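**Q** Below: sequence and its predicted model.
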Amino acid sequence: MKSYQRVYFHILEQTVAREIIWIHDKALNSFLVQAINDKAKAIFVWDDEYFKTRSYSLKRLVFIYETLCQMPVDVIKGQTIEIIRSLSPSKITTLYVADTKIKEIIQHLTKNFDVEVVRSHPFVKIPDGYEFRRFFKYWDKAKKTAFLRNGGEDA
């Protein structure tokens, strides 16, 4: 296993000082993948420690893995902040999410790197700060704008 990681990181050394697109577990859609170009390389950090704090089930981890297999993304195993720091990117682009743990990671990265947080097109229009414990409460709030163009942003 260690020799595999050394070889893999050796390949990634070519991306040092390049822009990276950090795909996290809440950004497994094609929105950020569209931004991949010669200057930007997409990465996903498989962070076992992070997954344990999230209490993800095996099914959820398999879903994440299978989704990543269909995306043009390099998957790197390790601690998220350490891996990104080791790549020394000139810029990090990632998707905005309301998740507090991912916001903490982004906040930590902004201390050392130029981080651009982009927003995807909304499915629904719900003000920030709402925390839904059950799907029904979310859907009750979301159904008013769910099927409108751009999640009701144009309405």
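**A** Perfect, I can see it now. Numbers count the residues shown, from 1 in each chain.
**Q** CA only for contacts and neighbour counts going forward, please
**A** Will do.
**Q** who touches stretch 32-45?
**A** Residues outside stretch 32-45 that contact it (C-alpha atoms under 8 Å, 6 or more residues apart in numbering): 15, 18-24, 71-80, 83, 94-95.
**Q** buried sites along that stretch?
**A** Using 16 or more other C-alpha atoms under 10 Å as the burial criterion, the residues of stretch 32-45 that qualify are 32-33, 40-45.
**Q** Reformat these as a markdown table; add distance to Leu109.
**A** Shown next, in a markdown table, are those (distance: C-alpha to C-alpha, whole Å):
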| residue | distance to Leu109 |
| --- | --- |
| Leu32 | 18 |
| Val33 | 20 |
| Ala40 | 17 |
| Lys41 | 17 |
| Ala42 | 16 |
| Ile43 | 15 |
| Phe44 | 15 |
| Val45 | 14 |
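**Q** closest to Phe147 among those?
**A** Using C-alpha to C-alpha, Leu32 is the member of those that lies nearest Phe147, at 22.4 Å.
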